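Student: For reference, the sequence and a predicted model appear below.
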Amino acid sequence: MTPGKLLALDRPLKRGVFALVAGVLLLLDAAVKAAMLGFAAPSVVAMVPGLINSSFIDMPAAKLSDGQLLLWLAFGLGTSWLTTVLALRRAADAGTRGFVAALAMIPVFRLPLIVYLSLLPSVPASSRSDVAPRPGAASTAAHASEWLDAAAAVFVGAGVAVATVAVGALIFGSYQYGMFVLAPFFIGIIAGYLLNRRADAGLTATTNFVWLTTLVGSLALLALALEGLICIIVIAPLGFVVAWLGGALGRGLALAAAWRRANAFGGLLLLPFVLGIDSAMERPLVFEVQTSIEIAAPPTAVWASLVQMSPIQEPPELVFRLGVAYPMGGELFGEGIGAVRHGLFSTGTAVERVSVWEPRHELAFEVLSEPPSMREMSFYEEVHAPHVHGYFSTVRGSFRLDSRPGGTTRLVDRTHHSMRLEPAAYWLPFARWIVRKTHERVLRHIKEEAERGRPQQGALPQPAPVLPPVRLAPSVLP
């Protein structure tokens, strides 16, 4: 099956061929991930049900490297997109609504969708309700309509972005596949379809237009204070790739001349349903990050700098100045197990309880409460983004001191975290990178204090400013 024939969406696909090819893609996806995890060959088939909920990676796959996780994500998106194309052709053959094919982009729906479409019988071409004639030759009126179609695509794309975040975040409290995959996928489909439904604009023009539509949707989120700038920048790579995949599919729908507009727009009805399923199936991913540093001082000096930590005076790095919470110092109240430790961050104070107290060897703690994970960069004082509270959190942490030859010490900072964001394979590398930056900031400070021989006293520094809010006139506030 050549790529050209694969994208020939006006060619129906019989259920036997669909079941075979889609099943092979699913098993191939499972096989690649099983190989990455080091599973035995018989485990490949056993992994297929696990693909229904991608959060199964919270155990073995959370130990994969960042590069492996991104490969995991890319391969999953690729096979899901191919399955979506096949599902569209199978839906045409079965005379059912084609927009359901987009559910193949969501792991929880992929296997059930394959089974469902494989069971539907073929129907005669005359009975296919989705077949529609392609518009005739272009005219002056048609060219004018092209501009209207483009404007409509941008407007609808922005509306989908805003509605998805408003419903997903504020109602369902879900930041998962529906928001980060299905929504940009539909934005791409709609933009690609409308741009090409009267005449083929070409893949390059379609890609540029899809990305423009996605950008406008992102700006709408900023304007309505539903998201901050940094979060939009972080999710942009995934959103643009998925929108591009949707745009290619939307262009294919327009050129096929075998699909009504409902198949480009009807999928929007699936979004609230998927957001609700995402919320119901949410399962936190727990992972560990460990960072170490060599200190030219004995464990006694390192322990003193750890339990009597002075304010961290080092200027924050760029990522922290952009709004991500960063450590500014720590205060310990009491000694031994049960003592309370306050971790001072740029966004507030974390309250921790000491669970392990072994002087000169180990200090461990459980996190009882913590401040927001970031301060959103926005033109508004308040951004309605629930993800800064509880969607990424620290569960527990520890400092271990290992005595090294020559009177030096190896200090190991280990923390365990919980994350409620999907696709986890996309968010986990970002989360681990931020945690490492946090560890390094603390470890450098302890190293400096211990090697100096005594804690440096001083006032707690003020958090570095982020982009200040711009006061807008009340008449233009959302």
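Tutor: All right, it came through fine. Residues are numbered from 1 along each chain as shown.

Student: need the contact list for the nearest residue to Ala102 once chain neighbours are set aside.
Tutor: In space, and not counting its chain neighbours, Ala102 is closest to Gly267: 4.8 Å by C-beta to C-beta, 6 or more residues apart in numbering. Every C-beta, even on glycine, is put in place using the N, C-alpha and C of the backbone. Contact analysis of Gly267 by C-beta atoms under 8 Å, 6 or more residues apart in numbering lists Phe99, Val100, Ala102, Phe186, Ile189.

Student: switch to 10 Å and redo it
Tutor: 97-103, 182, 185-186, 189-190, 246, 274 (C-beta atoms under 10 Å, 6 or more residues apart in numbering).

Student: Then His445?
Tutor: Applying C-beta under 10 Å, 6+ apart, the residues near His445 are Ser305, Met309, Ser310, Pro311, Ile312, Gln313, Glu314, Pro327, Met328, Gly329, Gly330, Gln456.

Student: where does it land on pLDDT?
Tutor: Predicted confidence (pLDDT) for His445: 95.

Student: From Val354, how far off is it?
Tutor: 20 Å (C-beta to C-beta, to the nearest Å).

Student: next one: Arg360
Tutor: Distance from Arg360 to Val354, by C-beta to C-beta: 15 Å.

Student: Does anything pack onto whichever strand or helix holds Ile114? Which helices or strands?
Tutor: Following DSSP states H and E, one finds Ile114 within helix 107-119. Secondary-structure packing of helix 107-119 (3 or more C-beta pairs under 10 Å, 6 or more residues apart in numbering; DSSP states H and E): helix 15-37, helix 43-50, helix 66-94, helix 177, helix 270-280.

Student: Figure out which of those helices is closest to Ala161.
Tutor: Nearest to Ala161, of all these, is helix 270-280, at 11.0 Å by C-beta to C-beta.

Student: Taking their axis directions, the closest one and helix 107-119 sit at what angle?
Tutor: 130 degrees (axes from the mean of the first three to the mean of the last three C-alpha atoms, to 10 degrees).

Student: number of nearby residues for Ile233?
Tutor: The local packing of Ile233 (other C-beta atoms under 10 Å) involves 12 other residues.

Student: let me redo that: Leu20
Tutor: Around Leu20 there are 12 residues (other C-beta under 10 Å).

Student: and it, how far is that from Trp303?
Tutor: 64 Å.

Student: same deal with Gly336?
Tutor: Counting by C-beta to C-beta - Gly336 and Trp303 are separated by 14 Å.

Student: Which of the two has more residues huddled nearby?
Tutor: Neighbours per residue (other C-beta under 10 Å) separate Gly336 from Trp303, with Trp303 holding more: 23 against 8.

Student: Can you verify the more buried one is assigned to a strand?
Tutor: No: judged by DSSP: H, G, I helix; E, B strand; the rest coil, Trp303 forms no part of a strand; its state is helix.

Student: can I assume it is in contact with Glu335?
Tutor: No: counting by C-beta atoms under 10 Å, Trp303 stays clear of Glu335, with 11.6 Å between them.

Student: overlap in contacts of those two?
Tutor: Common neighbours of Trp303 and Glu335 (C-beta under 10 Å, 6+ apart) are Pro359.

Student: Out of the contacts of His445, which sit inside strands?
Tutor: Of the contacts of His445, the ones assigned to strands by DSSP state E are Pro327, Met328, Gly329, Gly330.

Student: Of those residues, just say which sits nearest to His389.
Tutor: Pro327 (18.4 Å).

Student: wait, what's in contact with that closest one?
Tutor: 309, 312, 316, 320, 343-346, 350, 438-439, 441-442, 445.

Student: And for Asp93?
Tutor: Asp93 neighbours (C-beta under 10 Å, 6+ apart): 11-15, 17-18, 117, 120-123, 125, 128.

Student: How many neighbouring residues does the nearest residue to Leu212 once chain neighbours are set aside have?
Tutor: Of all residues not flanking Leu212 in the chain, Val154 sits nearest, at 7.1 Å (C-beta to C-beta, 6+ apart). Using other C-beta under 10 Å, Val154 has 22 neighbouring residues.
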